[in-house]
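Q: I would like to see how this sequence folds:
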Amino acid sequence: MFNNTEIAFQGKSNNDLKRAYWLFRIISSKNAVRIGNFFLVISLKLRLPIKWLIKATVFKQFCGGESINKCDKTIETLTKFNIGTILDYSVEGKSDGSSSENAVNEIKKTITRASKDKAIPFAVFKASGLGSLELLEKANQGDSLKQQEKINLQEFYNRIHDICEFAFHNDVCIFIDAEETWIQDKIDDWTLELIKKFNKEKAIVFNTLQMYRTDRLEYLYKMHQFARNNEVIYGIKLVRGAYMEKERERALLLNHPSPIHKNKQDTDDDFNTAIKYIFENNKSFSLCVGSHNENSNQILVDLMEKEKIKASDSSFYFSQLLGMSDHISYNLAHLGYNVSKYVPYGPINKVMPYLLRRVEENTSVSGQTGRELALITEEKKRRRELKQA
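A: Residues are numbered from 1 along each chain as shown. The predicted model follows:
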């Protein structure tokens, strides 16, 4: 069902396809990515005039704009093809209070926009951008905190609570993105408090489970029991994971067992098992499958078809990143399924860490770039032949 390139790229002009083709050609080479990333970082630090180049290439491919309003065109294009938008403020947070408060205000702006626009079904934020990472790690490890640290940690939580409460009052569902294992437990604990408070009638707050972790299936089973015991709907976004190399390097450095599966197959197995488990117990869950894997998306589609659940059922959502896996997003949306794209935004120089991760992710995920290139090539050929006919 994901091979129809006419549907997959119906929102792309010929120029869009050309840009995507050459971009994926370049990032298919790890050496080219390393050199390019180094050049971009140095150029920005030296304030060389290259923003126009970034904006016309990698930024245009993976970001919606430099502000919420400048994402309008992207939102309109996605809406035209029945794909929702998740506005993701992708500026890296700092530890100072003013930066955290600015992030809270910006996230609230995305919630306000979502409350007024049916084309935006979710809001999202990273908890790590709302306070001190050092303090969060210390709390995560259960270390004793000084009085001022306790106050700062409470303020950290208050910011997260403030965002989720704002989402609740505006009836906007919100994802709390997953983080590294050394800060995730504390975020999980906070998220449980918020789910218990705000998810009585429907899933407002969604936790994110990274299924490359060896312990996430067991955690999922515990969350099912939590949902039943507290009579809440547990909002859950499933992803494979975004910090594999960092996790393994840290575990090796500290001489700890790696928290990450040894191979991709084990991750895939846990991811797909989680989909099936959540589906079988869907009265306790609301699910978003955040995946660029065709098989995983197909599994949920097959389960829904088998049980005659409508494609538009609000308990089930599919999501991919802007600029990636359009063959999944557009074909699912064409069949009436709930689909959304993560649409990152922010000033170019401030979203560079996000953009660099996206580029590196494409080189590290086996087959991802090759699949993108093959589909783009096929669509270019189809359009060329159609023009000649």
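Q: Hmm, residue 157 is touching residue 191, no?
A: No: look at residue 157 against residue 191 with C-beta atoms under 8 Å: they stay out of range, at 10.6 Å. The C-beta positions use only the backbone N, C-alpha and C, and glycine is treated the same way.
Q: These two: which is more packed in?
A: Neighbours per residue, other C-beta atoms under 10 Å: of residue 157 and residue 191, the larger number sits with residue 191, 22 against 19.
Q: For that one, which non-adjacent residue is spatially closest?
A: Excluding its sequence neighbours, the residue lying closest to residue 191 (C-beta to C-beta, 6 or more residues apart in numbering) is residue 207, at 4.6 Å.
Q: any idea how far that neighbour is from residue 243?
A: As judged by C-beta to C-beta, to the nearest Å, residue 207 and residue 243 stand 16 Å apart.
Q: separation between residue 388 and residue 256?
A: Summarising the geometry, the distance separating residue 388 from residue 256, computed by C-beta to C-beta, is 60 Å.
Q: ditto for residue 323
A: Between residue 323 and residue 256 the distance, using C-beta to C-beta, works out to 35 Å.
Q: Looking at the two, which is more packed in?
A: Each of residue 323 and residue 256 has its neighbours counted (other C-beta under 10 Å); residue 323 has more, 23 against 10.
Q: Which residue lies nearest the spatial centre of the chain?
A: The central residue of the chain, meaning the one whose C-alpha is nearest the mean C-alpha position (C-alpha atoms, centre = their mean), is residue 342 at 6.0 Å.
Q: What strand or helix carries it?
A: Following DSSP states H and E, the helix or strand that holds residue 342 is strand 339-345.
Q: now residue 158
A: Per DSSP H and E, residue 158 falls inside helix 147-169.
Q: re earlier: how far away from the center of its chain is the strand holding residue 342?
A: Between the mean C-alpha point of strand 339-345 and the mean C-alpha point of its chain there is a distance of 8 Å (C-alpha atoms, centre = their mean, to the nearest Å).
Q: same check, this time on stretch 70-82
A: Its chain's average C-alpha position is 18 Å from that of stretch 70-82, according to C-alpha atoms, centre = their mean.
Q: Pretty sure residue 60 sits in a helix.
A: Yes: when DSSP: H, G, I helix; E, B strand; the rest coil is applied, residue 60 is found to be in a helix.
Q: Wait, it touches residue 19, no?
A: Yes: judged on C-beta under 8 Å, residue 60 makes contact with residue 19 at a distance of 6.9 Å.
Q: per-residue confidence at residue 23?
A: Predicted confidence (pLDDT) for residue 23: 84.
Q: So which elements touch the helix or strand containing it?
A: Using DSSP H and E, residue 23 sits within helix 14-27. Contact here means 3 or more C-beta pairs under 8 Å, 6 or more residues apart in numbering; DSSP states H and E; on that basis helix 14-27 packs against helix 30-45, helix 58-62, helix 352-364, helix 368-388.
Q: now residue 261, nearest residue through space, not along the chain?
A: Spatial nearest neighbour of residue 261, excluding adjacent residues (C-beta to C-beta, 6+ apart): residue 267 at 4.7 Å.
Q: where do the strands sit along the stretch 201-350 of the chain?
A: 205-210, 234-239, 285-290, 316-321, 339-345 (DSSP state E, counting those that start in this stretch).
Q: Any regions of the chain where pLDDT drops low?
A: Residues of the chain meeting the criterion pLDDT under 70: 29-50, 92-97, 357-367.
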